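A.B. asks: my questions are about this predicted structure, shown below with the sequence.
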Amino acid sequence: MGWESFNLDQQAHDLVLKYRDKKDARNQAYKMRVAVAYGLERFWGEQFRLVKEKDKADYWQDTWKALVKVMENAGVTIPNDDVSYDDTAAIKVMANKLWDFPIEQRKVAIAVLTELCDSMVWWTQRYKPTNVNSNSGDEEDE
């Protein structure tokens, strides 16, 4: 079997650029990377916690959709029901599908999501607006 990158870095790049100018969402990539360790169902559910902060919620949802697409291209179908914030029963069904997702496929999906989020953090650092330090003239991250 040959190596297939599934364009994770390019997908990360495109996600970061899409949200780069949305100041409230800009730093979500860092939080996403940390959240991966808690599992797919928690990562997926974060969009609902942020429902009142639309840009942030959309960034999480778009990242989830990117993962689902990448995994589908790799032959793994991750549950991805269209669920609204107001539909508690549908949220429960979707969370249960993720908890019941086969462990071997779960491990692969988490590894892919980790790599996607690592790339998003890298691109966020590269594209984040900078401030000029008046003392040294060096540029610093916000």
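C.D. replies: Received, thanks. The model shown is predicted, which means the values in this text are computed figures rather than measured ones.
A.B. asks: wait, residue 98 touches residue 40, no?
C.D. replies: Yes: judged on C-beta atoms under 8 Å, residue 98 makes contact with residue 40 at a distance of 5.0 Å. For every residue, glycine as well, the C-beta is placed using N, CA and C.
A.B. asks: what do these two both touch?
C.D. replies: Common neighbours of residue 98 and residue 40 are listed as residue 78 (criterion: C-beta atoms under 8 Å, 6 or more residues apart in numbering).
A.B. asks: name the element the residue nearest to the spatial centre of the chain belongs to?
C.D. replies: The residue lying closest to the centre of the chain (C-alpha atoms, centre = their mean) is residue 63, at 3.5 Å. Using DSSP states H and E, the secondary-structure element containing residue 63 is helix 54-73.
A.B. asks: so which elements touch that helix?
C.D. replies: helix 8-19, helix 28-35, helix 40-49, helix 103-127 (3 or more C-beta pairs under 8 Å, 6 or more residues apart in numbering; DSSP states H and E).
A.B. asks: chain center to the shortest one: distance?
C.D. replies: Average the C-alpha atoms of helix 28-35, do the same for its chain, and the two points are 7 Å apart (C-alpha atoms, centre = their mean, to the nearest Å).
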